[in-house]
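Colleague: 3D model of this:
(chains A and B)
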Amino acid sequence: MKKLLLGLATAALVAGMASAQDKDVTIAVSIPAADHGWTGGVVYHAERAKELLEAAHPGLKIIVKTSPDGASQANALEDLVTQGVDALVTLPHNSDELTDPIRSVKDQGIFVTVVDRALSDPTIQDLYVAGNNPELGRVAGEYLKENLGSGDVVVIRGLPIVIDEERQQGFDAAIAGSGINVLDKQFGNWSRDDAFKVMQDYLTKFPKIDAVWCQDDDMAVGVLEAIQQSGRTDIKMVIGGAGMKEMIKKVADGDPMIPVDVLYPPAMVATAMELTVANFYDQVPVRGNYILDATLITKDNAEEFYFPDSPF
Amino acid sequence: MSETPVASRPARRSWRDLDLRAVAPFVALAALILFGASLNPNFVSVDNLLNVLSRSAFIAIIAVGATFVISAGGLDLSVGSMSAFVAGTMILFINAAPVGGDVALIALAMTMALVTGALCGLANGLFVTLGRLEPFIVTLGTMGIFRALTVWLAEGGSIAVRSQEVRAAYRPVYFGELWGVPAPVIVILVVALLGAVILNRTAFGRHVIAVGSNEEVARYSGIPVGRVRTLTYVIQGVCVAIAVLVYVPRLGSATATTGLMWELQAITAVVIGGTALRGGVGRIWGTVCGALILELIGNIMVLSDLVSEYLIGAVQGAIIIVAMLVQRALSRGR
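Modeller: Below is the predicted model of the structure:
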């Protein structure tokens, strides 16, 4: 009798699990088109997570849609919703422009996950997954403070937008009161060509530079090339950020110029998709904010963050 | 049509014959160099000036092509995207090619890039002439197409030369020197010299100017207007490819941001150089001078502590307008 009950219970459990597995759920993923390295990584990881998740859940359908700008993303959101979706995972082009379109998605009772760029009205999102911009600056600043002690540093910033400002403030706060002296700050537009130019000019302008903080790995490529061309040996290290595979490789190989990297992973879109799917299939609570660390990637943990097949 | 002082033979001309409009960009350039030197003595160091000259190569070479298109009354907005596309396909070719021997491989890849550039230009030209479309619309369209194709080929990331040996063998094309002159500077000089000879000394060059001044008159004079127009776009495509040949060895990669806004910089260089946007006047050496002026302004901004990094764009814009005012004042002075 006991056995029978146990057997029944097991059968019921298995049946329950099977029905949960077969449940039909459609999730729309709306992200920016690949216009630079990092967003290219976002597209790659969204596609990768889609394959893995769909294989794990037979009833699950994930639609990934990329948009080149904010206005077309707003249109894409409307198109996606008319196809009848249960959840939306979105990395908005910019917060102000897309808050209302996403609000109207939410009003139709759809579960909303926002990635990376918070909406102007945070009550809309059920789940918010993001990297930590002030932390990215702080971790880089702390590393320089601890490993350089004192010295002259040049900074290459991205574009004048909120993300860049937050990173800069985190960096400034970390080195405040230390022996680290910032010689100059200029915008490199998150482009390796522009960073190359700015670095060449820094090398002309300053006879002694101890380190470079350029907050983004794409720009680090241009910086390294400019240093190599000049033949200067006073620069001890270049600190980038994001986690581009070429730079993580350099960290893993122990390149003295790139001793560490600070993580701001495009794979966060996959984290968001996993959590959203868990909400429907696994009955685990996921609502809230999920802020990823700006992990310091060193020689010891570099392997963990290395995706050789990713475009970024 | 006038000759620039560099291309002219001063021995046979008196100072009164000198076209001040043609000299104006060089006066602006000299003024800018003095301005830069007063802000930071490092500015006039040989190393810095050679860096800036080398960096201006991409825009200068592309702008030589743009001088042909614009003086024939056309316009090409696709050059920035085209650079990214040609660079991307060239690197993919280098990565895929089974050819042994680095030099042979690079030579083959260069040839392929030149052909790709010429074909891209030909496509633009044929849409404009055979399709009878506005060049603005055609090249706006191809600008989107070339950019998207590049992003698609790169899967949103970057396309990089995989073999370090090929990379090392190709590197001197940007970083190398000949008699102390950086390779990109030599390329600028050769391209500009060829461009000036074609535009100022050949029948085709005269046809380009004639088509740009008055298309109807040119047609009645028996000039094959469609062919001349199309050829200017092909020349533009080849110039883009030459710029790419110098661009690829610098960072060994093409990304989605390669060549962004180059079309505007090239057009600005052409206009600063004294070529009329409405067509009918073309000055190759002025164009090269315009490209130098653009690159120098950026360099001066970083070397000086004049303004905060947020205001650099405003100062750059102001300097360009002042440079144009200087030109206008000089040409009125005649």
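Colleague: Point out where the stretch 1-150 of chain B drops to low pLDDT.
Modeller: B:1-20, B:99-100 (pLDDT under 70).
Colleague: Could I get the full set of helices for it?
Modeller: Ranges of helices in the stretch 1-150 of chain B, per DSSP state H, counting those that start in this stretch, are B:20-39, B:46-55, B:57-71, B:79-96, B:102-129, B:135-153.
Colleague: Which of those has the highest mean neighbour count?
Modeller: Of all these, helix B:57-71 has the most neighbours on average by mean count of other CB atoms under 10 Å in any protein chain shown, namely a mean of 31. Yep, even glycine has a C-beta here, placed from its N, CA and C like the rest.
Colleague: check whether that one contacts chain A.
Modeller: No. Helix B:57-71 lies apart from chain A when judged by CB under 8 Å from any CB of the partner chain; the minimum separation is 8.8 Å.
Colleague: To residue B:301, which of the helices of the stretch 1-150 of chain B lies closest?
Modeller: Judged by CB to CB, the one of these that comes nearest to residue B:301 is helix B:20-39, at 9.8 Å.
Colleague: other SSEs contacting that closest one?
Modeller: helix B:284-303, helix B:312-332 (3 or more CB pairs under 8 Å, 6 or more residues apart in numbering or on different chains; DSSP states H and E).
Colleague: for chain B, what are the nearby residues on the stretch 151-300 of chain A?
Modeller: Close to chain B, as judged by CB under 8 Å from any CB, the stretch 151-300 of chain A has residues A:157, A:160, A:184-187, A:189-193, A:196-198, A:200-202, A:204-205, A:218, A:221-222, A:225, A:229, A:246.
Colleague: 10 Å instead?
Modeller: By CB under 10 Å from any CB of the partner chain, the part of the stretch 151-300 of chain A that sits against chain B consists of A:155, A:157, A:160, A:184-187, A:189-207, A:218, A:221-222, A:224-226, A:228-230, A:244-246, A:266.
Colleague: now these: which count as buried?
Modeller: A:155, A:157, A:184-187, A:189-205, A:218, A:221-222, A:224-226, A:229-230, A:244-246, A:266 (16 or more other CB atoms under 10 Å in any protein chain shown).
Colleague: What segments of chain A are strands?
Modeller: A:25-32, A:60-67, A:87-90, A:111-115, A:127-130, A:150-157, A:179-187, A:211-213, A:237-239, A:261-262, A:288-291, A:296-297 (DSSP state E).
Colleague: of those strands, which approaches residue B:39 most closely?
Modeller: strand A:179-187 (14.0 Å).
Colleague: what does the average pLDDT come to for that closest one?
Modeller: Strand A:179-187 carries an average pLDDT of 92.
Colleague: Ok, stretch A:141-149 next?
Modeller: 92.
Colleague: If you drop the residues flanking it in sequence, what lies closest to residue A:202?
Modeller: residue A:154 (4.8 Å; CB to CB, 6 or more residues apart in numbering or on different chains).
Colleague: Near the one you found, how many other residues are there?
Modeller: For residue A:154, the tally of surrounding residues (other CB atoms under 10 Å in any protein chain shown) stands at 24.
Colleague: Now do the contacts for it.
Modeller: Residue A:154 makes contact with A:182-186, A:198-199, A:201-203, A:205-206, A:209-214, A:223, A:235, according to CB atoms under 10 Å, 6 or more residues apart in numbering or on different chains.
Colleague: State the pLDDT value of it.
Modeller: On the pLDDT scale, residue A:154 gets 95.
Colleague: go on, residue A:19?
Modeller: 48.
Colleague: Kindly report the same for residue A:87.
Modeller: 92.
Colleague: what's the spacing between it and chain B?
Modeller: 24 Å (CB to the nearest CB, to the nearest Å).
Colleague: for residue A:310, same thing?
Modeller: Applying CB to the nearest CB to residue A:310 and chain B gives a distance of 7 Å.
Colleague: burial count for the nearest residue to that residue once chain neighbours are set aside?
Modeller: Residue nearest to residue A:310 in three dimensions, not counting chain neighbours: residue A:44, with 5.0 Å by CB to CB, 6+ apart. As a burial measure, residue A:44 scores 23 neighbours (other CB under 10 Å).
Colleague: which residues of the stretch 201-334 of chain B score low on pLDDT?
Modeller: B:327, B:331-334.
Colleague: In it, what residue lies closest to chain A?
Modeller: The stretch 201-334 of chain B approaches chain A most closely through residue B:302 (3.8 Å), counting by CB to the nearest CB.
Colleague: tell me the contacts of that residue?
Modeller: Contacts of residue B:302 (CB under 10 Å, 6+ apart): A:184, A:186, A:197-202, A:204-205, B:40, B:309, B:312.
Colleague: Kindly report the same for residue A:25.
Modeller: A:57, A:59-62, A:85-87, A:111, A:276-277, A:279-281.
Colleague: Now rank the residues you listed by neighbours and give me the top one.
Modeller: Busiest of these [other CB under 10 Å] is residue A:276, holding 25 neighbours.
Colleague: And the helices of the stretch 1-150 of chain B: which comes nearest residue B:279?
Modeller: From the helices of the stretch 1-150 of chain B, taking CB to CB, the stretch that ends up closest is helix B:57-71, at 5.7 Å.
Colleague: Can you work out which other helices and strands pack against the closest one?
Modeller: helix B:79-96, helix B:102-129, helix B:135-153, helix B:183-201, helix B:203-213, helix B:225-251, helix B:262-272, helix B:284-303 (3 or more CB pairs under 10 Å, 6 or more residues apart in numbering or on different chains; DSSP states H and E).
Colleague: thinking again about what came up before, got the helices and strands packed on helix B:20-39 as CSV, with distance to residue A:252 columns?
Modeller: Converted to CSV, the helices and strands packed on helix B:20-39 look like this (distance: least, CB to CB, whole Å):
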stretch, distance to residue A:252
helix B:284-303, 33
helix B:312-332, 37
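Colleague: quick one, which of those is nearest to residue B:119?
Modeller: Closest among these, using CB to CB: helix B:284-303, at 24.0 Å.
Colleague: Please state the offset of the closest one from the chain centre?
Modeller: Distance of helix B:284-303 from its chain centroid, counting by CA atoms, centre = their mean, to the nearest Å, is 12 Å.
Colleague: got the angle between it and helix B:46-55?
Modeller: 120 degrees (axes from the mean of the first three to the mean of the last three CA atoms, to 10 degrees).
Colleague: circling back to that earlier point, can I get the strands of chain A in TSV with distance to residue B:218?
Modeller: Compiled in TSV, these are given as follows (distance: least, CB to CB, whole Å):
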stretch	distance to residue B:218
strand A:25-32	47
strand A:60-67	45
strand A:87-90	55
strand A:111-115	57
strand A:127-130	60
strand A:150-157	50
strand A:179-187	46
strand A:211-213	55
strand A:237-239	56
strand A:261-262	59
strand A:288-291	66
strand A:296-297	63
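Colleague: Contact partners for residue B:263?
Modeller: B:62, B:66, B:75-83, B:139-140, B:143.
Colleague: mind redoing it with 8 Å?
Modeller: B:76, B:77, B:78, B:79, B:80, B:81, B:143 (CB atoms under 8 Å, 6 or more residues apart in numbering or on different chains).
Colleague: same deal with residue A:140?
Modeller: Residue A:140 makes contact with A:171, A:174, A:213, A:215, A:239, A:241, A:262 under the criterion CB under 8 Å, 6+ apart.
Colleague: Kindly report the same for residue A:27.
Modeller: Counted by CB under 8 Å, 6+ apart, residue A:27 has contacts A:60, A:61, A:62, A:63, A:85, A:86, A:87, A:88, A:89, A:273, A:276, A:277.
Colleague: and the stretch 1-150 of chain B, which residues reach chain A?
Modeller: B:40, B:42, B:43, B:45, B:47, B:48, B:51, B:55.
Colleague: hmm, try it at 7 Å
Modeller: Residues of the stretch 1-150 of chain B found near chain A (CB under 7 Å from any CB of the partner chain) are B:40, B:42, B:45, B:47, B:48, B:51, B:55.
Colleague: if we look at stretch A:82-102, which residues are touching it?
Modeller: The contact list for stretch A:82-102, computed with CB atoms under 7 Å, 6 or more residues apart in numbering or on different chains, reads A:25-32, A:42, A:69-70, A:73-74, A:77, A:80, A:105, A:110-121, A:124, A:269, A:272-273, A:276, A:280.
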